[in-house]
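>>> mind looking at a prediction? Sequence and model below.
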Amino acid sequence: MINHEVRTRKSAENFPIEEHLAYKIAKVAADPVEVPEETKEMIINRIIDNASVAVASVARRPVTSARVIAEGHPHAGDAARTGKGAKIFGIEGDYSAEWAALANGTAVRELDYHDTFLAAEYSHPGDNIPPMIAVAQHKGLDGKTLLRGIATGYETQVNLVKAICLHEWKIDHVAHLGPSVAAGIGTMLDLPVETIYQAIGQALHTTTATRQSRKGLISSWKAYAPAFAGKMGIEAVDRAMRGEGAPAPIWEGEDGFIAWMLHSPERTYTVPLPADGEEKRAILDTYTKEHSAEYQAQAPIDLARRMKQTIADAGKSTKDIESIVLHTSHHTHYVIGTGANDPQKMDPTASRETLDHSIMYIFAVALEDGTWHHVDSYAPERAQRPETVELWHKISTVEDPEWTRRYHSLDLTEKAFGGKAVITFTDGTVIEDEAAVADAHPLGARPFGRAEYINKFKTLATGIVSEEEQERFLAAVQNLENLTDLSELNVVVTPEALASAPKTPEGLF
């Protein structure tokens, strides 16, 4: 890896294009290096993972709306000239690639249930996959080419996330996704460095938004945001291929992203990128979710499940609890904890999108139930149960410097996203325990491997996708490197599952 120093430059400075971060990323994207076997296998895992959560969300309102919108854009024209079109998850037909990417990206993100990478910034790099599959289907590319593109997407986003913090300035993390999608598509299409450079610049310029999407009254836009970024990435590549340019230098310009979006004209960021010929392995640093909730809630859910038994063994119950204090990292405290100062996180009538960003709610339900379910744990009748509300409102978080240090550690063997729970009972008894990582984490009690990804898919697909269709998809995706028809990566749900989706109001399309 090569560390690149990135800072704001005056317009009058001599700053050749080859030094622009967008150009350096474009060079990485254009590098024809082979994808290592471990990266290939993990990409297949994440395609299975994305399909799992897309299946589970197929009948939810935001996903239904996105799908109906995309259905209004069927593919038209000569396939030899304009491409074949792309698939929309759950249904048959060929559709405009950018709109299919919007629908599929929303389905993947809706339940907050797929992969994550956390460093200076936060991310869900599996969001790269829907737009790349859509473009690959549209252009008739093969599985080997798709693997190269997804490897680039993960490499780009993960390295930006390692280097450049966005949330400090209340910029949403999809600003790292737009460029990574453009870079990955550039890899798949074997575009020239100059073209990829322009696409990356446009993608960043059009996907910069505020973090209000994850603050206060969190809405369905949380699912749409990365899907929209994927759509913007596709459109940026399309324009760049036609010779259109981007604002430049997009990160370093005097009126550019670092200077004004990040309010950091004097700051230097160190961005790591692979050297020429270096393998793209960043996906191996990322991790998926066993539970449908914000990633910082994964370890606390497992901890709560364990502590439920500890409480029972001590002859006590949750009704005996006086208070629960979760000692955790800066991120957990200020984003999903009481440090956020969001009263909505304590509101029994809050949206699902808000509740999956409330560690207080999540810990209370997991402690009571000893389990977690992507639908049942968020049901209004579950959230409004009086004894749950009482327990929930006894929970608070505090930032612990040690957990913050471990959160930001560059040593992956000590990097942690959990915390310590201190439960005080009305009789003064104290029970405490801690969990550094989730059970499904590579260093956790039950790390996810291929078998676990397949089990997640089959579990979530039960009653939604026929067994025959499940097996067909799993056979196709596990043969990805030899796959020539990427429409086989689409999963079609049963008519009954589709019929259970809500009827949404009509829009423009």
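Alright, I've got the coordinates.
>>> report all helices and strands that the helix or strand hosting Glu471 contacts.
Per DSSP states H and E, Glu471 falls inside helix 467-477. In terms of contacts (3 or more CB pairs under 8 Å, 6 or more residues apart in numbering; DSSP states H and E), helix 467-477 is packed against helix 37-56, helix 450-461. In this view, the C-beta of every residue, glycine as well, is placed from N, C-alpha and C.
>>> closest one to Tyr334 among these?
helix 37-56 (26.2 Å; CB to CB).
>>> now do the closest one and helix 467-477, the angle between them.
150 degrees (axes from the mean of the first three to the mean of the last three CA atoms, to 10 degrees).
>>> how far off helix 450-461 does helix 37-56 point, in degrees?
10 degrees.
>>> give the buried residues for helix 37-56.
Using 16 or more other CB atoms under 10 Å as the test for burial, helix 37-56 gives 39-40, 42-56.
>>> please, which helix or strand holds Asn3?
Applying DSSP H and E, one finds Asn3 within strand 2-7.
>>> any idea which helix or strand comes after that strand?
helix 21-30.
>>> mean confidence for that following helix?
Per-residue pLDDT values over helix 21-30 give a mean of 99.
>>> name the nearest residue to Ala51, sequence neighbours excluded.
Excluding the flanking residues, the one nearest Ala51 by CB to CB, 6 or more residues apart in numbering is Val491, at 5.4 Å.
>>> repeat that for Pro131.
Gly230 (3.4 Å).
>>> the helix or strand encompassing the one you found packs against which elements?
In this assignment (DSSP H and E), Gly230 forms part of helix 221-241. Contacts defined by 3+ CB pairs under 8 Å, 6+ apart place helix 221-241 against helix 61-71, helix 97-109, helix 129-139, helix 177-188, helix 193-206.
>>> tell me which helix or strand in the protein has the weakest average pLDDT.
One helix or strand of the chain scores below all others by mean pLDDT, DSSP states H and E: helix 79-82, with a mean of 72.
>>> mind pulling up the pLDDT for the most centrally placed residue in the chain?
The centre of the chain sits closest to His124, judged by CA atoms, centre = their mean, with a distance of 2.1 Å. Listed pLDDT for His124 reads 97.
>>> got it, and Ser396?
Here, the pLDDT recorded for Ser396 equals 98.
>>> beta-bridge partners for it, please?
Val325 (DSSP bridges).
>>> surely it is in contact with Leu326?
Yes. Ser396 is within contact range of Leu326, at 7.3 Å (criterion: CB atoms under 8 Å).
>>> overlap of the contact sets of these two?
Gly337 (CB atoms under 8 Å, 6 or more residues apart in numbering).
>>> neighbour count for the two, which is higher?
Comparing Ser396 with Leu326 by neighbour count (other CB atoms under 10 Å), the higher total belongs to Leu326, at 27 against 15.
>>> name the nearest residue to that one, ignoring sequence neighbours.
Per CB to CB, 6+ apart, closest to Leu326 is Thr397, 4.6 Å.
>>> can you point out the buried residues in the strand holding Asn3?
Buried residues in strand 2-7 (16+ other CB under 10 Å): His4, Val6.
>>> over to stretch 119-131?
Buried residues in stretch 119-131 (16+ other CB under 10 Å): Ala119, Glu121, Tyr122, Ser123, His124, Pro125, Gly126, Asp127, Asn128, Ile129, Pro130, Pro131.
>>> isn't the first one right up against His408?
Think Ala119. Yes. In terms of CB under 8 Å, Ala119 counts as a neighbour of His408; the distance is 7.4 Å.
>>> specify the beta-bridge partners of Gly90.
Applying DSSP bridges, one finds that Gly90 bridges with Val492.
>>> might one say that it is in contact with Ala499?
No. The pair Gly90 / Ala499 is not scored as a contact, 11.7 Å apart, by CB under 8 Å.
>>> more neighbours, the two?
More neighbours surround Gly90 than the other of Gly90 and Ala499, with 26 against 9 (other CB under 10 Å).
>>> and the gap between the more buried one and Gln478?
21 Å (CB to CB, to the nearest Å).
>>> check contacts around the closest residue to His205 other than its chain neighbours.
Leaving aside its chain neighbours, His205 sits nearest to Pro247 (5.5 Å; criterion: CB to CB, 6+ apart). Pro247 sits next to Gly201, His205, Gly253, Gly256 when contact means CB under 8 Å, 6+ apart.
>>> what about the last one, how many neighbours?
This means Gly256. 21.
>>> now do the second one
As a burial measure, His205 scores 19 neighbours (other CB under 10 Å).
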